[in-house]
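A.B. asks: For reference, the sequence and a predicted model appear below.
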Amino acid sequence: MSDFLERLRAHEELVQRLGGALRVARLYSSDHPRVATSAAAVLECVNQLLALQQSILIGFISGEVIGGDTPLPRASAMQADLVRQLQKAGVQRVLIEPGVTVEELRSFIQEVAKLTSILGHPKDAPPGDESDDVQVVSLPHIKAGRLIIDPSVGDWGSGGGTARKVYASSVSAAETVWDAAQAEGRPELGTARDTIENLAEAVTTNRSALVGLTAMQKYDNYTFTHMVNVSILTMAQARAVGMEGRLLRELGLAAFMHDIGKVKTPLEVLNKPDKLTDKEFVIMKRHVIDGAEMLRRTPEMPALAPVVAFEHHLRLDGTGYPDGAKRGSLNLATMMCSISDVYDAMRSQRKYQIAHSSERILVVLKRNDGQQFDQHLVRRFVALIGIYPPGSLVQLSTGEVAVVTRVHAPDPYRPAVRVVFDASGSRITWPDERNLWEGLAADSPAPTVVKPLEPADYQIDTLRYVN
């Protein structure tokens, strides 16, 4: 068994026993023998897991259990009950460190059982701003509550911290890959492969949060965020149609490298804030040929990468560039990458370009009735991204403010949301989950999105609410 699977199963066993111990604590007095037995069983699991890693971090977020950085399968009603009870007590995370004793575990279990019996409903739980460091239970080797955890033991927030770490490290890696291509004439393939491996895992386990991040970054280092964004968006498309494993990663790597030829483009052309002259545009167009040639000469580079680099500015109707390059059809990876490329470029705020709304971008992708982009792929992309991508902050027709958590493919204008401010503008402690394609009541229409909002204006980290 791999270390990953061993840790995953150890987390599952710990969650099961912790749920059982909490149920026993609610049924029996603290001195009952079954309470001691159940705590000892939890300690056994804790010690098994601590033999595999330095500390234990378990999250209880929106009905999900996360062990370390990995969502655990929904294995039983007991696990679901444990999530409800801990959230009722205001516990989102539990950190257990080496040296924990059975007495500490008994104290922790008893304290949580006591809190859940006092608090009748999650809305009665202790309020607090999401930036607070709120500890519901604090013991020498156990911390529980809404905690700011040291990054060394797993820096993730409710719905997006792991994705943030992966994204940030990927942008840094993109710079390394780019610098190597500039200095040595070939990209750093090992770094690129490691980056794509991490991104592919994140796309598979938490696609909404990672896709949401692509829309939330500042574009001071546009070149590198664009490399990462196009790779994420392309792999998300591929994953949505069932691609996985090696093919998914080769496609992600090709998308990551699609613009690598620009390392040979003069900076005065590449970074020009105004419209390029005809002569400058001819120079810019060289990047597809330069990129394909560079990737073709890079040892062990998958054959798909130079194909995508060469084709990603070609269109189905024969337009685009390189000039004179005609194709009976374009590679599927190229078509997915092209959609991601145009989408990310148009929504980016840069010195010479204002950011366009998703609605405007999707109009561009649909134009010319499929002459430029395959409309089957565009429709799938819209179903994936939506008009309001996950992580968007929006105002509803009810006057409330909500975070988009999930796209509703049949109607991308009506996503799933979490309402975070009521109609009066007051912050909601326990966000209300709502599907905008459903009415609030049998005789009332479903709320609609009125307009997107800027999260910074509301001092809110929207990714915390994305599963």
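C.D. replies: Yep, it's here. Numbering: from 1, shown residues only.
A.B. asks: those strands in the stretch 1-150 of the chain, which residues are they?
C.D. replies: If you assign secondary structure with DSSP state E, counting those that start in this stretch, the strands in the stretch 1-150 of the chain sit at 56-61, 64-67, 70-71, 93-96, 134-139, 142-146.
A.B. asks: got TSV for those, with mean pLDDT too?
C.D. replies: As requested, these are arranged in TSV below (pLDDT from 0 to 100):
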stretch	mean pLDDT
strand 56-61	79
strand 64-67	74
strand 70-71	68
strand 93-96	85
strand 134-139	70
strand 142-146	78
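A.B. asks: how does this protein divide into domains?
C.D. replies: In the domain annotation for the chain, the residue ranges read 3-153, 161-385, 393-465 (automatic domain parsing).
A.B. asks: lowest-confidence stretch among those?
C.D. replies: Taking each of those in turn, the one with the lowest mean pLDDT is domain 3-153, at a mean of 74.
A.B. asks: how close does the nearest residue to residue 318 once chain neighbours are set aside get to residue 303?
C.D. replies: Distances taken as CB to CB, 6 or more residues apart in numbering place residue 326 nearest to residue 318, at 6.1 Å, with adjacent residues excluded. (Glycine included, C-beta is placed from N, CA and C.) From residue 326 across to residue 303, the span is 20 Å (CB to CB, to the nearest Å).
A.B. asks: For the stretch 201-350 of the chain, which segments count as helices?
C.D. replies: Under the criterion DSSP state H, counting those that start in this stretch, the stretch 201-350 of the chain contains helices at 207-214, 222-240, 245-256, 267-270, 278-285, 287-296, 304-311, 332-347.
A.B. asks: can I get those helices in a markdown table with distance to residue 381 and mean neighbour count?
C.D. replies: As requested, those are exported to a markdown table (distance: least, CB to CB, whole Å; neighbours: other CB atoms under 10 Å):
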| stretch | distance to residue 381 | mean neighbour count |
| --- | --- | --- |
| helix 207-214 | 11 | 25 |
| helix 222-240 | 6 | 24 |
| helix 245-256 | 13 | 23 |
| helix 267-270 | 27 | 13 |
| helix 278-285 | 25 | 14 |
| helix 287-296 | 22 | 21 |
| helix 304-311 | 17 | 24 |
| helix 332-347 | 5 | 23 |
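A.B. asks: With distance to residue 426 as new columns, can these be given to me in JSON lines?
C.D. replies: Written out in JSON lines, the entries for those read as follows (distance: least, CB to CB, whole Å):
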{"stretch": "helix 207-214", "distance to residue 426": "25"}
{"stretch": "helix 222-240", "distance to residue 426": "35"}
{"stretch": "helix 245-256", "distance to residue 426": "42"}
{"stretch": "helix 267-270", "distance to residue 426": "47"}
{"stretch": "helix 278-285", "distance to residue 426": "51"}
{"stretch": "helix 287-296", "distance to residue 426": "51"}
{"stretch": "helix 304-311", "distance to residue 426": "49"}
{"stretch": "helix 332-347", "distance to residue 426": "31"}
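A.B. asks: right, so of those helices, which gets closest to residue 166?
C.D. replies: Minimum separation from residue 166 across those (CB to CB) falls at helix 207-214, 7.1 Å.
A.B. asks: CA-only coordinates of the closest one in CSV, if you can.
C.D. replies: Provided in CSV are the C-alpha atoms of helix 207-214 (Å, rounded to 0.1, in the frame of the first residue of the first chain):
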residue,chain,number,x,y,z
ARG,A,207,-11.6,22.0,-9.4
SER,A,208,-14.0,24.8,-8.3
ALA,A,209,-11.5,26.4,-5.9
LEU,A,210,-8.6,26.2,-8.4
VAL,A,211,-10.7,27.5,-11.3
GLY,A,212,-11.9,30.3,-9.0
LEU,A,213,-8.3,31.2,-8.2
THR,A,214,-7.5,31.8,-11.9
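A.B. asks: tell me the angle it makes with helix 222-240.
C.D. replies: Helix 207-214 and helix 222-240 meet at an angle of 160 degrees, taking axes from the mean of the first three to the mean of the last three CA atoms, to 10 degrees as the criterion.
A.B. asks: Packing partners of helix 207-214?
C.D. replies: Taking 3 or more CB pairs under 8 Å, 6 or more residues apart in numbering; DSSP states H and E as the contact definition, the neighbouring helices and strands of helix 207-214 are helix 161-184, helix 189-205, helix 222-240.
A.B. asks: Check what contacts the first one and list those residues.
C.D. replies: Around helix 161-184, the neighbours that count as contacts under CB atoms under 8 Å, 6 or more residues apart in numbering are 69, 151, 154-157, 186-188, 191-192, 194-195, 198-199, 201-202, 206, 209-210, 212-214, 217, 221, 223-225, 227-228, 231, 256-257, 260, 263, 294, 463.
A.B. asks: about what we covered before: need the helices and strands packed on helix 207-214 in a markdown table with distance to residue 452, can you?
C.D. replies: Shown next, in a markdown table, are these (distance: least, CB to CB, whole Å):
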| stretch | distance to residue 452 |
| --- | --- |
| helix 161-184 | 21 |
| helix 189-205 | 24 |
| helix 222-240 | 18 |
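A.B. asks: Is residue 339 in contact with residue 380, as I believe?
C.D. replies: No. Shown here, residue 339 and residue 380 do not form a contact pair, counting by CB atoms under 8 Å, at 9.2 Å.
A.B. asks: Can you work out which residues contact both of these two?
C.D. replies: Jointly contacting residue 339 and residue 380 under the rule CB under 8 Å, 6+ apart are residue 237.
A.B. asks: So what are the sheet partners of the strand ranked longest in the chain and their directions?
C.D. replies: Secondary structure assigned by DSSP state E gives strand 427-435 as the longest strand of the chain. Each strand that strand 427-435 pairs with, and the sense of that pairing, follows from DSSP bridges: strand 416-421 (antiparallel).
A.B. asks: So what's the gap between the strand it pairs with and the chain middle?
C.D. replies: Relative to the centre of its chain, strand 416-421 is centred 18 Å away, using CA atoms, centre = their mean, to the nearest Å.
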